[in-house]
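Chemist: Need the 3D shape of this:
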Amino acid sequence: MRTAIVTGGGAGIGREISRLLAETGYRVVVADIDEEAAQGTAEEITAAGGHAHAYRLDVASEAQWDKCAEWVRGEFGPAHVLVNNAGIMDTGGFVETGAAQWQRTVDIDLMSVVYGAKVFGQQMIDAGIHGHIVNLSSGAAFFPARYIPAYAAAKAAVLMASQTLRVELRPKGIGVTAICPGAIRTDLLAHGERAGLDAAEQAAWRAQLGQVQSMAFAGPDKVARVVERAIRRNPAVVPVNPEAWLGYALFRLSPGLLRAVGSVGSFDLADRVLPRIQPLLNRITK
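Modeler: Numbering: from 1, shown residues only. This next block holds a predicted model:
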């Protein structure tokens with residue numbers, strides 16, 4: 001049986017990817033820093049007749065990645081698929097975002113991809129497995145928005161890292177794909193932090209953004225289907241939603257226009273608009 005590792009598999013997109021890969025015959029290692037959430041996903045898969053195992057993993061720790069790869073090889077043999085899905089999205093302007101917040105974003109959104117691809121890519125090479133590595137980038141990788149500079153920079157780096165890895169691993173028969181979702185109905189924004197707010201303001205901001213994101217056009221199941229198809233077909237880059245495809249096209253054809261669009265949004269605008277539409281959000285999400 002083929003083995004797939006999915007990070008951030010305890011909820012959202014990672015959970016749906018884990019479920020779908022199990023349905024298609026993979027043994028899934030559901031890796032998440034929230035061990036209870038990972039166990040919940042694994043139990044759901046097992047109850048449905050699939051094969052899954054929960055594993056607690058802090059993706060920002062290279063040492064934990066090494067231990068994870070050693071455990072997987074010892075328990076099941078070399079991995080066939082790695083899905084680097086775990087990530088965070090903090091908000092804040094470039095200047096106001098502190099160095100610690102920048103570092104946290106880079107550690108979780110970028111370096112986790114580096115650590116995972118290195119250790120499991122080497123495992124596939126050593127075993128002669130024609131496997132696949134899927135890295136979750138983002139439509140933000142194409143979009144220079146004023147309010148998510150750290151997230152966009154990290155995801156743009158994931159996109160380029162995926163391309164360089166693809167070039168390197170192609171002769172080994174190992175595929176690499178960067179998936180670039182747009183707005184997806186998950187709790188990503190609700191779990192993030194905005195620079196410059198106190199605890200009470202953070203809570204209110206998260207609640208408002210969580211309501212907004214809950215109305216996104218596509219759900220995590222759509223991303224899961226794209227990931228499963230990418231493993232079979234081995235495309236290089238796959239934007240998911242219409243807005244991601246539009247950003248990708250503008251990024252290639254008219255970067256100046258894309259920068260102009262990215263300059264429109266601001267926290268001042270959000271702070272004015274969100275309170276006015278709060279009653280509507282409450283009715284829609286009730």
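
Chemist: avg pLDDT for stretch 242-253?
Modeler: In this model, stretch 242-253 carries a mean pLDDT of 88.

Chemist: Now do that stretch: distance to the chain's middle.
Modeler: 19 Å (C-alpha atoms, centre = their mean, to the nearest Å).

Chemist: what stretches of the stretch 51-200 of the chain score poorly on pLDDT?
Modeler: Along the stretch 51-200 of the chain, segments meeting pLDDT under 70 span 189-191, 198.

Chemist: can you map out the helices along this protein?
Modeler: For the chain, the helices defined by DSSP state H occupy 12-23, 35-47, 62-76, 99-105, 112-127, 149-169, 199-213, 220-233, 242-253, 255-262, 267-285.

Chemist: Tabulate those helices (a markdown table), appending distance to N85.
Modeler: Every residue, glycine included, has its C-beta placed from N, CA and C. What follows is the helices of the chain, written out as a markdown table (distance: least, C-beta to C-beta, whole Å):
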| stretch | distance to N85 |
| --- | --- |
| helix 12-23 | 4 |
| helix 35-47 | 12 |
| helix 62-76 | 14 |
| helix 99-105 | 16 |
| helix 112-127 | 10 |
| helix 149-169 | 11 |
| helix 199-213 | 17 |
| helix 220-233 | 8 |
| helix 242-253 | 16 |
| helix 255-262 | 25 |
| helix 267-285 | 25 |
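
Chemist: from those, which stretch is densest packed?
Modeler: Ranked by mean neighbour count under mean count of other C-beta atoms under 10 Å, the helices of the chain are led by helix 12-23, which reaches a mean of 26.

Chemist: what angle sits between that one and helix 35-47?
Modeler: Helix 12-23 runs at 30 degrees relative to helix 35-47, counting by axes from the mean of the first three to the mean of the last three C-alpha atoms, to 10 degrees.

Chemist: surely V59 meets A86?
Modeler: Yes: in this structure, V59 is within contact of A86 by C-beta atoms under 8 Å, at 4.7 Å.

Chemist: shared neighbours of these two, which are they?
Modeler: T7, G8, A31, I33, I108, S112 (C-beta atoms under 8 Å, 6 or more residues apart in numbering).
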